[in-house]
Structure formats: C-alpha cells, structure tokens
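[1] here is my input, please return the structure:
(chains A, B, C and D)
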There are 2 protein chains.
Amino acid sequence: MTNSGREDETRARLLDAAGEIFSCKGFHAATVREITKAARANVAAIHYHFGSKDRLYLAALEHAHAEAMRLYPPELGLPPDASPETRLYAYVRALLLRLTEKNRHAWLSRLMAREMAEPTPQLAVVVERCLAPANAVLRAIVADILGPGADAAAVARCAQSVVGQCRHFVIDRPVIARLYPENAAEIGGLDALAAHVARFSLAALRGYQTSDFAPPQLEPHSGDML
Amino acid sequence: MTNSGREDETRARLLDAAGEIFSCKGFHAATVREITKAARANVAAIHYHFGSKDRLYLAALEHAHAEAMRLYPPELGLPPDASPETRLYAYVRALLLRLTEKNRHAWLSRLMAREMAEPTPQLAVVVERCLAPANAVLRAIVADILGPGADAAAVARCAQSVVGQCRHFVIDRPVIARLYPENAAEIGGLDALAAHVARFSLAALRGYQTSDFAPPQLEPHSGDML
DNA sequence: CCCCAATTTGAACACATGTTTGACGTAAGG
DNA sequence: CCTTACGTCAAACATGTGTTCAAATTGGGG
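    Take a look at the predicted model:
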C-alpha cells in the first residue's frame, strides 16, 4: 500500500484507463504512457501490476467481459412467459445497449468488436465464452419464431443476420453517418434502431420459411472463396 | 534494369505488397520494412515513390478502391429490366464477392473494413467516395421493393440492414465459425450466404411496411447514447 | 566513350516505444 | 527507533520504428 488502501486503487484505475484507450485506438496504437497518464500513474506501474502491456490488455478484456455480463445478462430480466416477438426486441435492444454502453465503461464491448477485426489467439477464447451463451438465447428466440420446420442451419443463419444488423449499426455508425450527411440524425437513436432491427427481422423471420425466393442464375464468380 | 521500364514496376509491387500487409495487420502494426521486403525493394523506395508511409497507405487504399470498382461495378452487369428481387440478390452477391475477394487482390475491401473499425481522417473521404455510389444503387432497389409508402429514413435503415448482414457474415466469419464448432461448414459458402441474405432481406422488406410490430415498453436504459 | 538523370541501395539518423532499474516514501511489526 | 515489505516514481535502457542521406548502379544520349 503505499500506503494503505491505495494499492488496488491504481490497479483499478489502470484497468479502466486501459479499457477505454485500447477500445478507442486499438492495441498497437495505444501506448503505455498514454494509459498511465490517463490513470494518473507511473509507467512502471503497468509492469508492476500486470507484467507487460499484453497482459494488461488481456486483463482489460476480461474485466470488460465481466462488466458487460453483469450489466446486461443474457436473460435480460424479461418474464419467462414473454412472447417471442417481445423477447426478440428485448434481445436486440440489450445487444445494442451492450455495444454502445457509454455510461460507466464506454468501451465494454467495443474491445470485442475490435478483436473480431484483428483477432489475437488468446482472446478468441474470451470472445467465445462471452458470445456463445448469448447466442444460444438468440437462437432459441429465432427458432420459436421460425417455427418447427426450420433446421439448425437456417436458425443459425437468421440469428447471425440479426446480430449483423446490430453490429453494423453501432460499429459502422461513423460510416453510415457520412453516407447520409444531409440528415445524419435520420437513422435515429438507440430505441429507434432497436425498433427497426426488431421490425425488419421479425418480418424476415415470419416470411422466411414460406418465401418463394429462388436465387437467379448469374454469371459465376472466378475464384472460389470463403 | 533499374532504369527504364522498371521504374514503375517497383512502385506497383510496393502498392500490391502494401495493400496486402496493411489489410492483414492494420496500419500501425504493418512496418515499412516488412512491406519493402515483401515487395523485394529497399526501405527508401517508399519515401522515393510515395513520400511517406501515410501517403503509401492512402495510395494503396485508392488503388484497392479502383480495382474493386473495376472488378465488381455497382451495375453488376444485370439487364436494366431485371426485377427488384433479382437486383437485390445480385447486389448482395456482388457485395459479398467484393468483401471476400481472394483472387488477385485478397485485400481489396478488407482495407475498407479495417478503416471502419479504426477510422483515419484522410481516408474517410476515400471510403465515402467508394461507398456512396454503391449505396445509392442499393437504396433504389430497396425503395422499389418497399413500395411508394416508404419514407427515406425507412429506406436508408433497411439498406443498412442488408449491408450489415453481408459485412457481418464476411468480417466476423472467424467468430461465427467458433460459435458453431461442431458444424462450421453449416453456414455455407458464398452462394449459400448470398441466397440466405437475399431471402431474409426480401421477406423483411415485403413485410416491413405492413408489419404490426410495436416495440413493447421495457425498463429504460440509464444513459442516453448514440 | 563518357556524361547524365533516374533509380536503387546500404547505412545512418532521430525518435517513440515497452521495459527495467534503483532510489524514495509510506505504513506495519518488533 | 530500526527493520522490513510494499507501492511509487523518475530516469535510463534496449529495441524497433519511419525517415533521410550520400554513394552506387543502371540505361540512354551527345
């Protein structure tokens, strides 16, 4: 302690500052000096408390994961007898909330978003443990709406269509705003976005199984990909 | 050799190597020495041909943009009398192709994807010039399917829902694969993905206007965001 | 043949980074 | 009071970075 009581405090400040700066600038662009300055600590404090910049990054990710799960658990606090439509809306809204969290830890899930664009081996496991339970909940909701005729692949694809919309509206928000410069606010706030994604996805799920869509024959692409 | 004729060749090799390495490791993580080594050129060649690492990055982005537009133009080679459904499928397929391009320039659109996660001021303009025309095409298709009763905001949101699905299925593919480890191939190849996104989105657009969905009242979130 | 401009090269520079060191200050125990 | 352990701090270290420079190399023209 330096002193009594203060010992863990700088560690916690370091964790918070690291999460915020890592999420804003990425792992490489963020410097330990910037983090320690934001945390009002010395450069050596990182090595003392965490060992290295890498381990600090890992610790910040685990901390963010724990905080996100604590604030927005997959159950969402809904009554178990809620309709699938309500549960879908609640799931979408909670996901958007987790992705845009700006209250105490503005960076909670943005770290994970950045990880997906530039994955690091150790953290894939963390992402997996964080995303898998929530995704199971979503698939249950989707399966309920699709009905018994849907196979697992269709359920999985539709669930990812829902997640993809949410991630895009939040993560690519600066790009979307630039695409509609005249009326950037047209896209709307979080609740309007949640309503749109839920409405769009609900209509999609209801008409998915009975769709008469058959992909037309187009000129084949040169190389095989994916 | 060094002279005459070869002068532009190293510049082209530099451009190719820069695009590949920048797209794989990001701007900060990529080093000029790695790029010049991949291009079989000297470190000083970057400064000689482009002036700096930043300008090389900008040149690589513009080069990638031009190549992507040349290979997969927004018109998609469809007959002008094609149905909106066919045009939607073709647009989705072309977008997926652009995002997964692995033939000659595996990194064509991945640079843009990385830019969105970690935007740099100068390149936002490039992204804007690249994405805006294609997005106008998509909005026209979406407006056709939605019908005359849809306002601009609804069209914009639905168009972004389509784009978001495509980006998610391609960019977050490693995450999706980890979510379904038992049957990773279940999601399917590019054509299957294009068929799913088109089917999902078509059902959504057809039912969007006549949807009876009303967002249920949930406990409000603490902070206002976005 | 020799000179010239363009291009490439290896080596060095200045700087920022992550990391380490050793001293300093603060409490607790004898 | 002295010792000890722990946390903090400023300063320095080693390394890798982008950048720069002058010499070397190339092919074409007088």
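
[2] burial of the closest residue to residue A:218 other than its chain neighbours, as a residue count?
    Spatial nearest neighbour of residue A:218, excluding adjacent residues (CB to CB, 6 or more residues apart in numbering or on different chains): residue B:90 at 6.0 Å. From N, CA and C alone the C-beta is placed, and that goes for glycine too. Residue B:90 sits with 22 neighbouring residues when counted by other CB atoms under 10 Å in any protein chain shown.

[3] so residue B:90 touches residue B:72, yeah?
    No. Residue B:90 lies out of contact with residue B:72 (CB atoms under 8 Å); the separation is 10.4 Å.

[4] now for the lengthiest helix in chain A, which elements pack on it?
    Taking residue count as the measure and DSSP state H as the definition, the longest helix of chain A comes out as helix A:121-146. Identification of packing neighbours for helix A:121-146 by 3 or more CB pairs under 8 Å, 6 or more residues apart in numbering or on different chains; DSSP states H and E yields helix A:53-71, helix A:84-100, helix A:110-117, helix A:152-171, helix A:190-208, helix B:173-179.

[5] for DNA strand C, which of the ones you listed is the nearest?
    The closest approach between DNA strand C and any of the helices and strands packed on helix A:121-146, judged by CB to the nearest atom of the strand, belongs to helix A:53-71 at 3.6 Å.

[6] could you export the closest one as PDB, CA atoms only?
    Extracted in PDB, the C-alpha atoms of helix A:53-71 (Å, rounded to 0.1, in the frame of the first residue of the first chain):
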ATOM      1  CA  LYS A  53       1.300  -4.400 -22.000                       C
ATOM      2  CA  ASP A  54       0.000  -7.700 -23.400                       C
ATOM      3  CA  ARG A  55      -1.100  -8.900 -20.000                       C
ATOM      4  CA  LEU A  56      -2.700  -5.600 -19.200                       C
ATOM      5  CA  TYR A  57      -4.700  -5.900 -22.500                       C
ATOM      6  CA  LEU A  58      -5.800  -9.400 -21.600                       C
ATOM      7  CA  ALA A  59      -6.800  -8.200 -18.100                       C
ATOM      8  CA  ALA A  60      -8.800  -5.300 -19.500                       C
ATOM      9  CA  LEU A  61     -10.700  -7.600 -21.900                       C
ATOM     10  CA  GLU A  62     -11.600 -10.000 -19.100                       C
ATOM     11  CA  HIS A  63     -12.700  -7.100 -17.000                       C
ATOM     12  CA  ALA A  64     -14.800  -5.700 -19.800                       C
ATOM     13  CA  HIS A  65     -16.400  -9.100 -20.300                       C
ATOM     14  CA  ALA A  66     -17.300  -9.400 -16.700                       C
ATOM     15  CA  GLU A  67     -18.800  -5.900 -16.500                       C
ATOM     16  CA  ALA A  68     -20.800  -6.400 -19.700                       C
ATOM     17  CA  MET A  69     -22.300  -9.700 -18.400                       C
ATOM     18  CA  ARG A  70     -23.000  -8.100 -15.100                       C
ATOM     19  CA  LEU A  71     -24.800  -5.100 -16.500                       C
END
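
[7] buried sites along that helix?
    By 16 or more other CB atoms under 10 Å in any protein chain shown, the buried positions in helix A:53-71 come out as A:53, A:56-61, A:63-65, A:67-69, A:71.

[8] and which of those residues is nearest to residue A:33?
    Taking CB to CB as the measure, residue A:33 lies nearest residue A:53 of the buried residues of helix A:53-71, at 10.7 Å.

[9] OK, contacts around the nearest residue to the closest one once chain neighbours are set aside?
    Using CB to CB, 6+ apart and skipping the chain neighbours, the partner closest in space to residue A:53 is residue A:32 (5.4 Å). For residue A:32, the contacting residues are A:43, A:46, A:53, A:56, taking CB atoms under 8 Å, 6 or more residues apart in numbering or on different chains as the criterion.

[10] worst average pLDDT in the helices and strands packed on helix A:121-146?
    Of all those, the segment with the smallest mean pLDDT is helix A:110-117, scoring a mean of 63.

[11] any idea how many residues pack against residue A:214?
    Burial of residue A:214 is recorded as 11 neighbouring residues (other CB under 10 Å).

[12] what does residue A:44 give?
    Each residue near residue A:44 was counted by other CB under 10 Å, and the total is 10.

[13] any idea of the pLDDT on it?
    Reading off the confidence values, residue A:44 has pLDDT 92.

[14] tell me which element it falls in.
    In the assignment (DSSP states H and E), residue A:44 maps to helix A:43-49.

[15] and the contacts of that helix?
    A:10-11, A:14, A:32-33, A:35-36, A:39, A:52-53, A:56.

[16] list the contacts of residue A:70.
    If you count contacts by CB under 8 Å, 6+ apart, then residue A:70 has nothing around it.

[17] same question for residue A:169.
    When contacts are counted by CB under 8 Å, 6+ apart, residue A:169 is found next to A:96, A:176, A:187, A:193, A:197, B:160, B:164.

[18] ok, now how distant is it from residue B:196?
    20 Å (CB to CB, to the nearest Å).

[19] domain assignment for chain A?
    Here the domain parsing of chain A from automatic domain parsing is A:8-60, A:72-208.

[20] ok, back up a step: which among the contacts of residue A:169 gets closest to DNA strand D?
    When the contacts of residue A:169 are compared for distance to DNA strand D (CB to the nearest atom of the strand), residue A:176 wins out at 30.4 Å.

[21] that closest one and residue B:161 touch, don't they?
    No. Contact between residue A:176 and residue B:161 fails when scored by CB under 8 Å: they sit 11.1 Å apart.

[22] rewinding a little: near DNA strand C, which of the contacts of residue A:32 show up?
    Under the cut-off given by CB under 7 Å from any atom of the strand, DNA strand C has A:43, A:46, A:53 from the contacts of residue A:32 close to it.

[23] pick out whichever of these sits closest to DNA strand D.
    The shortest separation between DNA strand D and any of these is 5.0 Å, and it belongs to residue A:43 (by CB to the nearest atom of the strand).

[24] just give the nearest non-adjacent residue to residue A:157, would you?
    In space, residue A:157 comes closest to residue B:196 once its chain neighbours are excluded; the distance is 4.8 Å by CB to CB, 6+ apart.

[25] ok, back up a step: could you export the contacts of helix A:43-49 as TSV, including secondary structure?
    What follows is the contacts of helix A:43-49, written out as TSV (DSSP: H, G, I helix; E, B strand; the rest coil):
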residue	secondary structure
A:10	helix
A:11	helix
A:14	helix
A:32	helix
A:33	helix
A:35	helix
A:36	helix
A:39	coil
A:52	coil
A:53	helix
A:56	helix
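
[26] quick one: least confident of these?
    Taken together, the contacts of helix A:43-49 show their lowest pLDDT at residue A:10, with 87.

[27] which stretch of helix or strand covers the closest residue to that one other than its chain neighbours?
    Among residues not flanking residue A:10 along the chain, residue A:41 sits closest, at 4.9 Å (CB to CB, 6+ apart). Under DSSP H and E, no helix or strand contains residue A:41.
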